[in-house]
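Chemist: Here you go, sequence then predicted model.
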Amino acid sequence: MKRLATLLVLAVVAGCAPRAAPPVDVTRDAVRERFDSRRASRVERAAGLEAQLVIWRRIGDVGLPGFEARVLLAHPERARIRVASAFGTAADLVLRGDTAIAYVPARRQMVRVDAVGDSLGVPDPARWLVSAMTATWDPPAEAWSSADRQDSVVRVSWSEDGWVRELDIGGSGLPRAARVRPRNGVLIEIRYEGWIGAGGTSWPARGTLAPSDARWSANWRLERHRPIGPPDPSRFQLVPPAATRRVSLSELRSVIDEAMEEFR
């Protein structure tokens, strides 16, 4: 009898307990609303942004030493990256629109490329870099109308100047991956693997950048960052000393790799 009474009490208590609510289906419109709201906050603060990154690279299956980089961004298409060394700056790179200027102080060598998108295989590389680091991708309205749902992710696809772009967005409105690909070319993907909240804004905290053919990859982690307001344009001017020697882009790549190895 006591056992029966105990079972009855348990049954009553279980019936009164709050029931777990079934998961709410996140609609495409809800994801778009959250994405637009969070993106707007990042765009506002990315008018000027200073950040420090740690980056690790791989060439095929070979891992290379990591390095620190100081980054200055001005949305939508200005970026400056200084690769740190034990003695100061190993390499200094400025991207403005489709122009890139890189300088290696220790070698007094520099290169300027005016159509750098053709060399790097990425359209509007400065705009692409700023969008990638701040996750401020801007799909057109018509792309949302044909967006696909894949489990909890909404995939938005569109085309710009012959380049196919894709953006995977989670139910929270935060991007999970972004891709760019020339028609019949090699896709390049950036995956967002962690986020950090600061000042009411969510920023990408770590991720991976790699082409689909796995020739290379780069993992990055955000160490610190701070919005600073629109920076003076002079901060994106790179004027090396008069004795600097100009080299080709391929030469500069090897010089930068050698210089970074020397400073470790």
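Modeler: Perfect, thanks for sending it. It should be emphasised that the depicted structure is a prediction, and the values quoted were computed from it without experimental measurement. Numbers count the residues shown, from 1 in each chain.
Chemist: Mind jotting down where the helices sit in the protein?
Modeler: 2-16, 28-45, 116-120, 125-134, 141-145, 249-262 (DSSP state H).
Chemist: close enough to count as contact, S41 and G197?
Modeler: No. Counting by C-beta atoms under 8 Å, S41 does not reach G197; the two are 10.6 Å apart. Bear in mind the C-beta positions are built from the backbone N, C-alpha and C, glycine included.
Chemist: the more surrounded of the two?
Modeler: S41 (16 against 9; other C-beta atoms under 10 Å).
Chemist: follow-up on the earlier one: comparing the helices of the chain by mean pLDDT, which bottoms out?
Modeler: Of all the helices of the chain, mean pLDDT reaches its minimum on helix 2-16 (a mean of 38).
Chemist: Just give the closest residue to S41, not the sequence neighbours.
Modeler: Residue nearest to S41 in three dimensions, not counting chain neighbours: T201, with 4.6 Å by C-beta to C-beta, 6 or more residues apart in numbering.
Chemist: Now for the closest residue to I81 other than its chain neighbours: which residues touch it?
Modeler: Leaving aside its chain neighbours, I81 sits nearest to L93 (4.6 Å; criterion: C-beta to C-beta, 6+ apart). Residues near L93 by C-beta atoms under 8 Å, 6 or more residues apart in numbering: R80, I81, R82, V83, A100, I101, A102, Y103.
Chemist: Wait, the third one touches G88, no?
Modeler: So the one you mean is R82. No. Contact criterion C-beta under 8 Å: R82 and G88 do not qualify, at 9.0 Å.
Chemist: more crowded one of those two?
Modeler: The residue with more neighbours, out of R82 and G88, is R82; 20 against 10, by other C-beta under 10 Å.
Chemist: Near the residue lying closest to that one once chain neighbours are set aside, how many other residues are there?
Modeler: Nearest non-adjacent residue to R82, counting by C-beta to C-beta, 6+ apart: R70, 4.5 Å away. Using other C-beta under 10 Å, R70 is surrounded by 16 other residues.
Chemist: Wait, R70 touches I81, no?
Modeler: Yes. Using C-beta under 8 Å, R70 is in contact with I81, at 7.4 Å.
Chemist: Enumerate the beta-bridge partners assigned to the residue nearest to I81.
Modeler: Beta-bridge pairing for L93 (DSSP bridges): I81, A102.
Chemist: same question, P227
Modeler: With DSSP bridges as the rule, P227 is bridged to L49.
Chemist: Look up how far R245 lies from it.
Modeler: For P227, the distance to R245 equals 37 Å [C-beta to C-beta, to the nearest Å].
Chemist: Neighbour count for the two, which is higher?
Modeler: P227 (18 against 11).
Chemist: which ones are touching the more buried one?
Modeler: Counting by C-beta under 8 Å, 6+ apart, P227 touches R45, A46, A47, G48, L49, G199.
Chemist: What residues does R45 make contact with?
Modeler: Contacts of R45 by C-beta under 8 Å, 6+ apart are G199, T201, P227.
Chemist: ok, the closest residue to G60 other than its chain neighbours to G66 distance?
Modeler: Take G60 and drop its neighbours on the chain: the residue closest to it by C-beta to C-beta, 6+ apart is R215, 6.7 Å away. For R215, the distance to G66 (C-beta to C-beta) stands at 19 Å.
Chemist: Which of these two has more residues huddled nearby?
Modeler: Neighbour count, other C-beta under 10 Å: between R215 and G66, G66 has more, with 15 against 11.
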